[in-house]
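>>> turn this into a structure:
(chains A and B)
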There are 2 protein chains.
Amino acid sequence: MKELRERIEADGHVLGEGVLKVDSFVTHQVDPVLMEQIGRVFAKVFAEAKITKVVTIEASGIAPALYAAQYLQVPMVFARKSKSLTMNEELLTAEVYSFTKQVTSTISISRKFLSAEDNVLIVDDFLANGQAAKGLIELCRQAGAHVEGIGIVIEKSFQDGRELLEAMGLKVVSLARIKSLSEGKVEFLEEDA
Amino acid sequence: MKELRERIEADGHVLGEGVLKVDSFVTHQVDPVLMEQIGRVFAKVFAEAKITKVVTIEASGIAPALYAAQYLQVPMVFARKSKSLTMNEELLTAEVYSFTKQVTSTISISRKFLSAEDNVLIVDDFLANGQAAKGLIELCRQAGAHVEGIGIVIEKSFQDGRELLEAMGLKVVSLARIKSLSEGKVEFLEEDA
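Residues are numbered from 1 along each chain as shown, chains lettered A, B, ... in the order given. As a prediction, the model looks like this:
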């Protein structure tokens, strides 16, 4: 997606090898205009797929997932990152390991919002090693739901998340694919949409 | 807002005295169509106010704040709830006490996303005792930003949040105002918009 690539070049910050900061338009301050465009693209790619729910994880996945859901005319559900499991047994839960923070956290979705009738599009802001997406897929599978595909805003193609998801037989659609983040510069691969 | 009131009546669940669960369309599963309508109403009410930023708090404030920001044509910024303060000094931080959880947490926004030039609309999904909104106001004031008003999706009018905010001289616009949640029934006051 050209507008996204240009925005990353203009406003993204490369912080050392492998770290891209996009907190002025994706992860902290959010540009609704760009997010709407992103949501439209995801909805267009999956228009014929009979998606019934868009699933994401709080907090920065919510904006792109919301617009994708709007244009697909389905509800959006966001998984919660809960450190303590104070909630009741009506939850789907999965463990997600964060390589950056080196902690395992539990993510959860209420069982009532995913079922075997669902055909899910997972949306997230970043794909790096794929652990968050893997956790979301796990929640969907526990509910018997089918995962139709994964929509990613920014893929770090130099990490192995995409391979992991494709090895699971899943369609991955990334709107920006980053080949490298060396010497303060962003190099892109050709994106999926 | 008539559509919101009707939706609360249809899909909200009163869980004991004072607790309203709207997790099927606001706080966990999110209805983008309703959220877009809500965002439009906030944008209309504050159309002449020269808002420069919409500020909310993760996670369930993000959806209504995003659409309000879209229709006001400004960026949205969400405060993070951080339990540990591992981040650097470039943060605005405030303490928020949760009466329900009986814990104090720290919320934060990067200093670079709020300035003395900003005229802020705060948006949140719930207003009960006003502690979250008070924390967001505190972050804005630390940045020297002006808070123009507070847009609330669901106000629990039987708690004292609105009084607290109005006593600070702030305009509060609530799209549903709940008078009581007794015996499993929702009683409304007339809403602001």
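>>> restrict the longest strand seen in chain A to CA atoms and write it as CSV.
As assigned by DSSP state E, the longest strand anywhere in chain A is strand A:146-156. Provided in CSV are the C-alpha atoms of strand A:146-156 (Å, rounded to 0.1, in the frame of the first residue of the first chain):
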residue,chain,number,x,y,z
HIS,A,146,-12.0,-21.1,10.8
VAL,A,147,-9.2,-18.6,10.3
GLU,A,148,-9.5,-17.3,6.7
GLY,A,149,-6.4,-15.1,6.8
ILE,A,150,-4.2,-12.6,8.5
GLY,A,151,-4.1,-8.9,7.7
ILE,A,152,-1.0,-7.1,8.8
VAL,A,153,-0.3,-3.4,8.7
ILE,A,154,3.5,-3.6,8.9
GLU,A,155,5.5,-6.8,8.5
LYS,A,156,9.1,-7.2,9.5
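>>> so what does it touch, helix or strand wise?
With contacts taken as 3 or more C-beta pairs under 8 Å, 6 or more residues apart in numbering or on different chains; DSSP states H and E, strand A:146-156 sits against helix A:2-11, helix A:32-45, helix A:62-72, strand A:119-127, helix A:131-142, helix A:161-167, strand A:172-180. C-beta here means a position set from N, CA and C on the backbone, and glycine is covered the same way.
>>> low-confidence ranges in chain A?
A:83-89 (pLDDT under 70).
>>> pull up the residues of it that are close to chain B.
Residues of chain A lying close to chain B by C-beta under 8 Å from any C-beta of the partner chain are A:23-25, A:28-33, A:35-36, A:58-59, A:62-63, A:66-67, A:69-70, A:73, A:75-78, A:80, A:83, A:109-110, A:112-113.
>>> coming back round to it: can you list the helices and strands packed on strand A:146-156 in a markdown table and add mean neighbour count?
As requested, the helices and strands packed on strand A:146-156 are arranged in a markdown table below (neighbours: other C-beta atoms under 10 Å in any protein chain shown):
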| stretch | mean neighbour count |
| --- | --- |
| helix A:2-11 | 15 |
| helix A:32-45 | 21 |
| helix A:62-72 | 27 |
| strand A:119-127 | 25 |
| helix A:131-142 | 21 |
| helix A:161-167 | 17 |
| strand A:172-180 | 21 |
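>>> I'd like the ones you listed as TSV, with distance to residue B:177 appended.
Converted to TSV, these look like this (distance: least, C-beta to C-beta, whole Å):
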stretch	distance to residue B:177
helix A:2-11	39
helix A:32-45	27
helix A:62-72	25
strand A:119-127	33
helix A:131-142	35
helix A:161-167	45
strand A:172-180	40
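>>> residues touching the residue nearest the centre of chain A, list them.
The residue lying closest to the centre of chain A (C-alpha atoms, centre = their mean) is residue A:124, at 1.3 Å. Contacts here follow C-beta atoms under 8 Å, 6 or more residues apart in numbering or on different chains; on that basis residue A:124 touches A:56-57, A:61, A:64-65, A:132-133, A:136, A:150-153.
>>> repeat that for residue A:125.
Counting by C-beta under 8 Å, 6+ apart, residue A:125 touches A:26-27, A:60-61, A:63-64, A:152-154.
>>> out of the residues you listed, which is nearest to residue B:140?
residue A:27 (20.1 Å; C-beta to C-beta).
>>> so which strand or helix has that closest one?
Using DSSP states H and E, residue A:27 sits in no helix or strand.
>>> what's near enough to touch it?
A:21, A:60, A:125.
>>> and for residue A:25?
Neighbours of residue A:25 in contact, by C-beta under 8 Å, 6+ apart: A:7, A:11, A:31, A:34, B:75.
>>> same question for residue A:62.
A:56, A:76, A:78, B:30, B:59, B:62-63, B:66.
>>> and the residue nearest to residue A:124 when sequence neighbours are not counted, how far from residue B:131?
Computed as C-beta to C-beta, 6 or more residues apart in numbering or on different chains, the closest residue to residue A:124 that is not its neighbour in sequence is residue A:61, at 4.5 Å. Remark: distance between residue A:61 and residue B:131 (C-beta to C-beta, to the nearest Å) = 26 Å.
>>> same question for residue A:128.
Distance from residue A:128 to residue B:131, by C-beta to C-beta: 35 Å.
>>> next: residue A:122.
33 Å.
>>> what do you get for residue A:185?
44 Å.
>>> burial count for the residue nearest to residue A:182 when sequence neighbours are not counted?
Closest residue to residue A:182 apart from its sequence neighbours, by C-beta to C-beta, 6+ apart: residue A:17 at 6.6 Å. Burial of residue A:17 is recorded as 11 neighbouring residues (other C-beta atoms under 10 Å in any protein chain shown).
>>> now the phi/psi pair for residue A:17, please.
Note on residue A:17: its backbone torsions stand at phi -60, psi 120 [degrees, to the nearest 10].
>>> correct me, but it touches residue A:185?
No: the pair residue A:17 / residue A:185 is not scored as a contact, 11.4 Å apart, by C-beta atoms under 8 Å.
>>> ok, residue A:150 - contacts?
Contacts of residue A:150 (C-beta under 8 Å, 6+ apart): A:121-124, A:127, A:133, A:165, A:170-173.
>>> list the residues that contact the closest residue to residue A:38 other than its chain neighbours.
The shortest distance from residue A:38 to any non-neighbouring residue, by C-beta to C-beta, 6+ apart, is to residue A:64 (4.9 Å). Taking C-beta under 8 Å, 6+ apart as the contact definition, residue A:64 lies against A:35, A:38-39, A:42, A:56, A:123-125, A:151, A:153.
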